[in-house]
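missing the sequence, but the structure's below:
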């Protein structure tokens, strides 16, 4: 198969300096990342692509887990006892270290997007930005092992 190469379109500016800074928030049952603010700096050659983005409240951000270790197919999610398949988790340790998150767009200032709901580490390369639309919302979903079950411990 032909090698696939991507060129980052921007970079994340975040209060999180390392993966370890994020983990304590990921394991809480509070609002977690909802109020965490940061920025996405879109590199100047791609700024024109931000035209009309201000009309959207939320964005899907595809980025590189640049601090991740080599991918593993079996991982233990935070706060869980059981090992799971990496494709059934949000683990950053993947065969291709590509991450995806949804953030709230607070404001655009030129080539910088001010965002909240940030759960990405400082300096993460951004591969793409897409608007979050009603088409992305799903009403009936199954959440696999994440679903609460009466009388059962988290595994």
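Nice, thanks for sending it over. Predicted, not measured: the structure shown is a model, and the values here were computed from it.

low pLDDT regions in this protein?
20-21, 23-32, 149-155 (pLDDT under 70).

make it 80
For the chain, residues meeting the criterion pLDDT under 80 lie at 18-34, 69-71, 78-80, 146-155.

the helices in it, which residues?
Secondary structure of the chain (DSSP state H): helices located at 19-26.

Can you tell me the centre-most residue of this structure?
Among the residues of the chain, the one closest to the centroid is residue 101, at 2.9 Å (C-alpha atoms, centre = their mean).

hey, what's it bridged with?
residue 61 (DSSP bridges).

what sits against it?
Residue 101 makes contact with 60, 61, 63, 117, 118, 119, 120, according to C-beta atoms under 8 Å, 6 or more residues apart in numbering. C-beta here means a position set from N, CA and C on the backbone, and glycine is covered the same way.

Please list all residues in contact with the fourth one.
Residue 117 sits next to 33, 34, 36, 58, 101, 102, 103, 104 when contact means C-beta under 8 Å, 6+ apart.

at 10 Å instead, please
Each residue near residue 117 by C-beta atoms under 10 Å, 6 or more residues apart in numbering is listed here: 31-38, 58-59, 61, 101-106.

Cool, thanks, signing off.
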